[in-house]
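In: Output the structure for:
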Amino acid sequence: MSEQPAIRTEKLTKHYGKVEALVDLDLEIPRGEIFGFLGPNGAGKTTTIRTMLDEIRPTRGSASILGMDTHERSVEIRRHIGYVPGDLAMYPDLTGRDTLTYFANLRGGVDQAYVDTLAERLDADLSKKVGDLSSGNRQKVGLIQAFMNRPEVLIMDEPSSGLDPLVQREFQTMMREVAAEGCTVFLSSHTLSEVQRVAARVGIIRHGHLVAVESVAALRSKAMRRVELELDSTAEAAVFEAVPGASDVAVGNHHVSMSFEGDMGALIRAASERYGILDISTQEADLEEIFLTYYHDEEVSA
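Out: Next up, the predicted model:
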């Protein structure tokens, strides 16, 4: 079992009548990885998770978790995973602690001290009834129940919904910690800025199709930077326009600014062959913009 990937899907497909919610999804996620699953609302992220977990049956294809077929061994798989659904629902008249006790009993018991530690880290008040909690505080209870059995795989659908920034940061730290211990994290989100802080790779889904699996580093390398150079003599635009990846070059006396998508080393070499560089500053595009641009480009080419 140790050689099996944590999560694998093969041609996983789900149709609702004529609506193709998920089409031929092939994924392989090794153990110990935090994998981001990205797409806007309605792209097929929740359908993927629910089909992968055998909550709904696929039209065709298959999925396995820890080497176990998710349909044939669905109950056994539940002992090894933690799950936060996108439509988290809990009994409103139970307190947070009663809710966690209920889930713990279903799992055959958990370490209560660990539950208390998780509650403290997420600043969760477990004494109030779930129905009296804000959406963010209900989400904290959902996160605790997912982590509390120390799962081998965590599958979470928009888990940061409603969390304030400080709690989000602590949650991100928790994900890194469990991944370092060998847990695999499948993090579904429509927000790249959330995913980029913890994930090494991301899958991008559009209209039920997986359009790309990229490392965060590869996405970052596609960033269009804004570069400004201060030189020791008057700049000539042609010198910089000749560098691959340079565009919108503007010069003014000793100052050059441009949009740049390419190898920064090549740009610096081209500049230093003709000028002394007194100062250089770069402003990297936000990864959210890169994702949205990529997504738009895929739609245009479809």
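In: Could you list the buried residues of stretch 107-125?
Out: 110, 115, 118-119, 121-122, 124 (16 or more other C-beta atoms under 10 Å). All C-beta atoms are positioned from the backbone trio N, CA, C, and that covers glycine.
In: List the contacts of that stretch.
Out: With contacts defined as C-beta atoms under 8 Å, 6 or more residues apart in numbering, stretch 107-125 is touched by 79, 96, 100, 104, 126, 133, 137, 140-141, 143-144, 147-150, 166-167, 170-171, 174.
In: on that earlier part again, any idea which of the buried residues of stretch 107-125 the model trusts least?
Out: Of all the buried residues of stretch 107-125, residue 110 has the smallest pLDDT value, namely 91.
In: re earlier: can you tell me which of the contacts of stretch 107-125 end up in strands?
Out: Judged by DSSP state E, these include no members of strands.
In: who touches stretch 216-235?
Out: Counting by C-beta under 8 Å, 6+ apart, 36, 192, 195-196, 199-202, 251-261, 264, 267, 271, 275-285, 287, 290-291, 294 sit against stretch 216-235.
In: again, 7 Å this time
Out: Stretch 216-235 is contacted from outside by 196, 199-200, 202, 251, 253-261, 267, 271, 275-285, 287, 290, using C-beta atoms under 7 Å, 6 or more residues apart in numbering.
In: In strands, which of those fall?
Out: Using DSSP E, the subset of these located in strands is 202, 251, 255-260, 277-283.
In: which among the contacts of stretch 216-235 end up buried?
Out: Looks like the contacts of stretch 216-235 have 196, 199, 202, 251, 254, 256-258, 260, 267, 271, 275, 285, 287, 290 buried, using 16+ other C-beta under 10 Å.
In: Could you identify the most distant pair in these?
Out: 199 and 254 (41.5 Å; C-beta to C-beta).
In: How confident was the prediction at the nearest residue to residue 257 once chain neighbours are set aside?
Out: Spatial nearest neighbour of residue 257, excluding adjacent residues (C-beta to C-beta, 6 or more residues apart in numbering): residue 228 at 4.7 Å. If you check residue 228, the pLDDT there is 94.
In: From residue 243, how far out is residue 265?
Out: Relative to residue 243, residue 265 is positioned 11 Å away (C-beta to C-beta, to the nearest Å).
In: what's the closest residue to residue 31 other than its chain neighbours sitting at in phi/psi?
Out: Once flanking residues are discounted, residue 31 sits nearest to residue 6: 4.6 Å by C-beta to C-beta, 6+ apart. Main-chain torsions, residue 6, degrees, to the nearest 10: phi -70, psi -40.
In: Sweet, I'm off.
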